[in-house]
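Asks: Need coordinates for the below:
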Amino acid sequence: MATKALLTSEDLERIQSSTHKNFELIRGELYEIKPPNFRHGMIALEIGGLIRDWNRQARRGKVAVESGYTLERRPDTVRGPDVSFVSRGRIGREQARKGFPDLAPDLAVEVRSPSNTWEELREKAAQFMAAGTRLLWLVEPDQFVEVLRPGREAVRLGLDGEINGEDVLPGFSCRVRDFFPPEDD
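Replies: Numbers count the residues shown, from 1 in each chain. The predicted model follows:
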C-alpha cells in the first residue's frame, strides 16, 4: 500500500517561490488559495492600516497581511490570516524575512470571502487558537465582526459596536464600521 508524502513548511516555501499561486498547508497537504475579491482586499487593507497606525504610536510589535505561519509540525500546517499582529520580541528579523515562522500570531484577522463558509473560518480560527493565537477577529464584510478568545464564548459586534485590542493591542479601539471603507468612488 502506497502512502501519500506529506509536505513541510520548507517544501511550501520552495513551491510558492516557483509559482504565482498561493497555497496553505494543512497537516502536510497542499491547498490552493483562491484570490479574494476586491472588496475583501479593501477591508483587509483598512483593518491592517488601522492596526498599523495604532502600532506606529504604541510600538508593540509587527503587523502583516497575507503572511503565513507554521502552526503545527509533523505533519506541518501553514496558514495565512488576512491580517496579523505579532508582539515585539516574538519574531526575529531573519525569521520575518524567510519562510513561515514557527509561531502563531497574537492577533489573526480573517475577512470572509464569498468562497468561504463560516464553518471554514471557524475551523481556521480553531487552528490558530490551538497554536497559541490569543485574539481572533472573524469579519463578515459590511455587517459584523466575531471576536474569539481561547476558552471564551464568541462575541458578535454589529456595525456600531466598539472593537478593542484588549490585552493583545492595548489601547486600540474603533467602531466595527471603521473596518469597512466606503464603496463609492
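
Asks: Who are the packing partners of the longest helix that the chain contains?
Replies: With secondary structure taken from DSSP state H, the chain has its longest helix at helix 38-58. The elements that helix 38-58 packs onto, with contact taken as 3 or more C-beta pairs under 8 Å, 6 or more residues apart in numbering; DSSP states H and E, are strand 61-65, strand 83-87, strand 107-111, strand 135-140, strand 169-175. Quick note: C-beta positions are derived from backbone N, CA and C, even for glycine.

Asks: So which residue is dead centre in the protein?
Replies: Nearest to the mean C-alpha position of the chain, by C-alpha atoms, centre = their mean, lies residue 81 at 2.0 Å.

Asks: Count the neighbours of residue 112 for me.
Replies: 20 (other C-beta atoms under 10 Å).

Asks: Isn't it up against residue 124?
Replies: No: contact status for residue 112 versus residue 124: not in contact, 10.7 Å apart, counting by C-beta atoms under 8 Å.

Asks: Next, residue 105: secondary structure please.
Replies: coil (DSSP: H, G, I helix; E, B strand; the rest coil).

Asks: quick one: it from residue 167, how far?
Replies: Between residue 105 and residue 167 the distance is 15 Å, computed by C-beta to C-beta, to the nearest Å.
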